[in-house]
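Asker: just the structure for this:
(chains A and B, ligands or ions: 2)
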Amino acid sequence: MARAVSQRRKILFTVAAWSVGVLIFFPILWTILTSFKTEAQAIADPPIFLGFDWTLENYSAVLERSNYGRFLWNSIIIAGGSTLLGILVAVPAAWSMAFVPSKRTKDILLWMLSTKMLPAVGVLYPIYLLCIHLGVLDSKIALVFILMLINLPIIVWMLYTYFKEIPSEILEAARMDGATLKEELLYVLTPMAIPGIASTILLNVILAWNEAFWTLNLTAAKAAPLTAFIASYSSPEGLFYAKLSAASTMAIAPILILGWFSQKQLVSGLTFGAVK
Amino acid sequence: MGQIKLSKVSKRFGDVEVIPPLDLTIADGEFTVFVGPSGCGKSTLLRLIAGLEDITSGSIQIDGTDTTDVPPAKRGLAMVFQSYALYPHMSVRKNIAFPMRMAGVPAQEQDRRIAAAAEALNLTDYLDRRPGQLSGGQRQRVAIGRAIVREPQAFLFDEPLSNLDAALRVGMRMEISELHKKLQTTMIYVTHDQVEAMTMADKIVVLRAGVIEQVGSPLDLYHTPCNEFVAGFIGSPKMNLIKGAEAQKHGVATIGIRPEHVEVSSTAGLWHGTVGVAEHLGSDTFLHIHGVAGCDPMTVRVDGELPVKHGDEIYLTPQNDKLHKFDGQGLRVD
Ligand SMILES: Nc1ncnc2c1ncn2[C@@H]1O[C@H](COP(=O)(O)OP(=O)(O)OP(=O)(O)O)[C@@H](O)[C@H]1O
Ligand SMILES: [Mg+2]
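Answerer: Numbers count the residues shown, from 1 in each chain, chains lettered A, B, ... in the order given. Ligands and ions are numbered 1, 2, ... in the order given. Coordinates of the predicted model:
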């Protein structure tokens, strides 16, 4: 009897999980489908699911109108650069919080996370002015720094949680074996934390890739990444849904592919080592 | 070469004084064991010597130089941890080589020492495995190998055998003792197992709540424990402590007699009781005897051949010259 029940449960859970998955994925699927429709079919009522005339004309129109390669390159530099810089800053920070905590460590962690609750628009003006005065408006370097700072709390927090799981005795052993602090971080902690660091990098690349507020507000022509590329297709003079969808699809495709190939890594990273 | 001297060393964690100021000198080449009940501060004391914890006050000298503010990496001590603390991402060879790599030992010399250590510790066939592919005993050997290749001033062991099964523990105990005989390097060994302490130590330091209760050779502690705590802690099974009228006869608050120093008879003796549990080990039998005034149960060690069983009436007589006497504060009276 027990077996039958558990079998039924299994089916139930599988169905539930797939439903949630499809629900979450549906907007992306719809965007991708729409990108292959003509503009007329894209706004047809009732909506057409699959039975439309598949066309690539939106893609050729988008590629003709804008320089996709430059946006892509800017996105790669901004997402990759801010992530790498963030990791360099966060590894020592997370190390000290995880292995030589002080009375205030927990407070600092919470405070760092609380900065994520601040509405970004609240500091838009000062940061915008700062960028003007430093002459870095519409530059990749400014966005690399700003996105690094924005996501730093999450990187530190994730690494901290990861490092916490590494037995401190192993680091102490390295110290007894004559390793300096730098050698301890380089030869012992970092290699042991590679899975954690990898998933932190992945998550952060995704966050930085999708970040729209700052990239839209602080860039114009030169440094604009793919978020600006999408935005340029949602114009007030009338929406071209199919072209917008094509642009969106092209913008999310790289990150979607990256995520697909590293999903195992991501899952184990996000569940913080529960799946080891 | 490896004398370690603690002067007025104390340690607080926040408001808790885990180790009140203590003095201790460990002679060069000596095998010293810190023993005491759980939570008494053995590990803390060892970690203070290692430099993994900062001392709150006092000073530590290694080999005549003050190392109080020297980081662990520079103290020239090697440590073997209870959890082995091997580097999981490195092969056995790399693990053993790590301290030499940090010290900048030339590659050829590294290889020579790794080969020698692997030979001595039976690890030659496992050098290219990861720690995760080894048994507990093998991991422990790797940890010891990693400690010996750097030729330290002294070895520090924190309960290195407590994760091993009983048979392996006895074997490794001998190996560590032999290693000490061969290297003649100072070793400090923490354990809560008094059998390990007795069998391995040149000198035992008995700790209770961070305070040194007694320092001495294993037989010193066995024959002349300075107080009731040491008397009860050293020796297995534990010494019987008898209070009340029996002790008053000797003019003290407590008398102690070890299980092996009590004569048994089925007809006559000083004390009388009933056999409760009889633990037959083969060579010996431990009898737990109920009904002796001032000490219940009293443990007695008898010959394994003696036919006794649960419920038997029995007479006991302590060997008078083996009696220990303690005053009201628990201190030894001679
Ligand atoms: N980092 C710390 N912060 C606060 N208290 C600590 C810390 N480390 C140890 N203690 C306390 O110090 C006391 C001694 O601990 P220690 O680990 O030295 O005991 P031990 O003798 O090694 O015990 P065991 O045999 O169980 O290993 C304990 O009461 C413990 O709670
Ligand atoms: Mg301990």
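Asker: which helix or which strand is home to the closest residue to B:Ala117 other than its chain neighbours?
Answerer: Ranked by CB to CB, 6 or more residues apart in numbering or on different chains and with sequence neighbours excluded, the top spatial neighbour of B:Ala117 is B:Gly145, at 4.2 Å. All C-beta spots, glycine's among them, are computed from the backbone N, C-alpha and C. Assigned by DSSP states H and E, B:Gly145 belongs to helix B:136-148.
Asker: returning to what we had before: please verify my assumption that the residue nearest to B:Ala117 contacts B:Leu121.
Answerer: Yes. Between B:Gly145 and B:Leu121 there is a contact at 5.1 Å, judged by CB atoms under 8 Å.
Asker: those two: who's more crowded?
Answerer: Using other CB atoms under 10 Å in any protein chain shown, the more surrounded residue of B:Gly145 and B:Leu121 is B:Gly145, with 25 against 20.
Asker: can you pull the contacts of the more buried one?
Answerer: Listed by CB atoms under 8 Å, 6 or more residues apart in numbering or on different chains, the contact partners of B:Gly145 are B:92, B:95-96, B:114, B:117-118, B:120-121, B:123.
Asker: how much space between it and B:Arg130?
Answerer: Separation of B:Gly145 from B:Arg130 (CB to CB, to the nearest Å): 15 Å.
Asker: any idea of the pLDDT on the closest residue to B:Ile234 other than its chain neighbours?
Answerer: Spatial nearest neighbour of B:Ile234, excluding adjacent residues (CB to CB, 6+ apart): B:Leu221 at 4.6 Å. Reading off the confidence values, B:Leu221 has pLDDT 95.
Asker: neighbours of B:Leu221, how many?
Answerer: B:Leu221: 27 neighbours (other CB under 10 Å).
Asker: other SSEs contacting the host helix or strand of it?
Answerer: Assigned by DSSP H and E, B:Leu221 belongs to helix B:218-223. For helix B:218-223, the contact count by 3 or more CB pairs under 8 Å, 6 or more residues apart in numbering or on different chains; DSSP states H and E identifies helix B:194-200, strand B:203-208 as packing neighbours.
Asker: near ligand 1, which residues of the stretch 101-250 of chain B are found?
Answerer: B:His192 (CB under 6 Å from any ligand atom).
Asker: show me where the stretch 101-250 of chain B has strands.
Answerer: Secondary structure of the stretch 101-250 of chain B, counting by DSSP state E, counting those that start in this stretch: strands at B:154-158, B:186-191, B:203-208, B:211-216, B:240-243.
Asker: chain A is nearest to which of those?
Answerer: With respect to chain A, and counting by CB to the nearest CB, the nearest of those is strand B:154-158 at 8.0 Å.
Asker: pull up the pairing partners for the closest one, direction included.
Answerer: Within its sheet, strand B:154-158 is paired with strand B:77-80 (parallel), strand B:186-191 (parallel), according to DSSP bridges.
Asker: redo those strands as JSON lines? Include mean neighbour count and mean pLDDT.
Answerer: As requested, the strands paired with strand B:154-158 are exported to JSON lines (neighbours: other CB atoms under 10 Å in any protein chain shown; pLDDT from 0 to 100):
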{"stretch": "strand B:77-80", "mean neighbour count": "27", "mean pLDDT": "94"}
{"stretch": "strand B:186-191", "mean neighbour count": "26", "mean pLDDT": "95"}
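Asker: for these, give me TSV that also has distance to A:Val156.
Answerer: Supplementary listing: those in TSV, determined by distance: least, CB to CB, whole Å:
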stretch	distance to A:Val156
strand B:77-80	30
strand B:186-191	36
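Asker: among those strands, which is nearest A:Leu56?
Answerer: strand B:77-80 (66.5 Å; CB to CB).
Asker: from the chain's centre, how far out does that closest one sit?
Answerer: 17 Å (CA atoms, centre = their mean, to the nearest Å).
Asker: contacts for it, please.
Answerer: Against strand B:77-80 from outside (CB under 8 Å, 6+ apart): A:172-173, A:176-177, B:46, B:49-51, B:62, B:99, B:140, B:143-144, B:146-148, B:150, B:152-158, B:160.
Asker: let's see that with 6 Å instead.
Answerer: By CB atoms under 6 Å, 6 or more residues apart in numbering or on different chains, the list of residues contacting strand B:77-80 from outside reads A:176, B:50, B:143-144, B:147, B:150, B:152, B:154-157, B:160.
Asker: what average pLDDT does stretch B:322-334 get?
Answerer: Mean pLDDT, stretch B:322-334: 92.
Asker: quick one: buried residues of the helix holding B:Gly145?
Answerer: Neighbour-count burial for helix B:136-148 flags B:137-148 (criterion: 16 or more other CB atoms under 10 Å in any protein chain shown).
Asker: for those, give me TSV that also has pLDDT.
Answerer: Formatted as TSV, the buried residues of helix B:136-148 follow (pLDDT from 0 to 100):
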residue	pLDDT
B:Gly137	89
B:Gln138	92
B:Arg139	93
B:Gln140	91
B:Arg141	92
B:Val142	94
B:Ala143	94
B:Ile144	93
B:Gly145	94
B:Arg146	95
B:Ala147	94
B:Ile148	92
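Asker: low-confidence ranges, the stretch 1-150 of chain B, go.
Answerer: For the stretch 1-150 of chain B, the stretches with pLDDT under 70 are B:1.
Asker: for B:Thr68, which non-adjacent residue is spatially closest?
Answerer: Nearest-residue entry for B:Thr68: B:Ser59, 4.7 Å, with adjacent residues in sequence omitted and distances by CB to CB, 6+ apart.
Asker: that neighbour falls within a strand, correct?
Answerer: Yes. B:Ser59 sits within a strand when classified using DSSP: H, G, I helix; E, B strand; the rest coil.
Asker: give me the contacts around stretch A:63-78.
Answerer: A:140, A:143-144, A:223, A:225-226, A:229.
Asker: max pairwise distance over those residues: which two?
Answerer: A:Val144 and A:Phe229, at 18.2 Å, using CB to CB across those.
Asker: near chain B, which residues of chain A?
Answerer: A:169-170, A:172-173, A:175-179, A:191-192 (CB under 6 Å from any CB of the partner chain).
Asker: tell me which of the residues you listed fall in strands.
Answerer: Among the residues of chain A next to chain B, none falls in strands (DSSP state E).
Asker: any chance of those in CSV, plus neighbour count?
Answerer: Shown next, in CSV, are the residues of chain A next to chain B (neighbours: other CB atoms under 10 Å in any protein chain shown):
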residue, neighbour count
A:Glu169, 18
A:Ile170, 20
A:Glu172, 21
A:Ala173, 30
A:Arg175, 23
A:Met176, 27
A:Asp177, 29
A:Gly178, 23
A:Ala179, 23
A:Pro191, 13
A:Met192, 21
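Asker: span of stretch A:33-47 from start to end?
Answerer: Length of stretch A:33-47, first residue to last, CA to CA, to the nearest Å: 11 Å.
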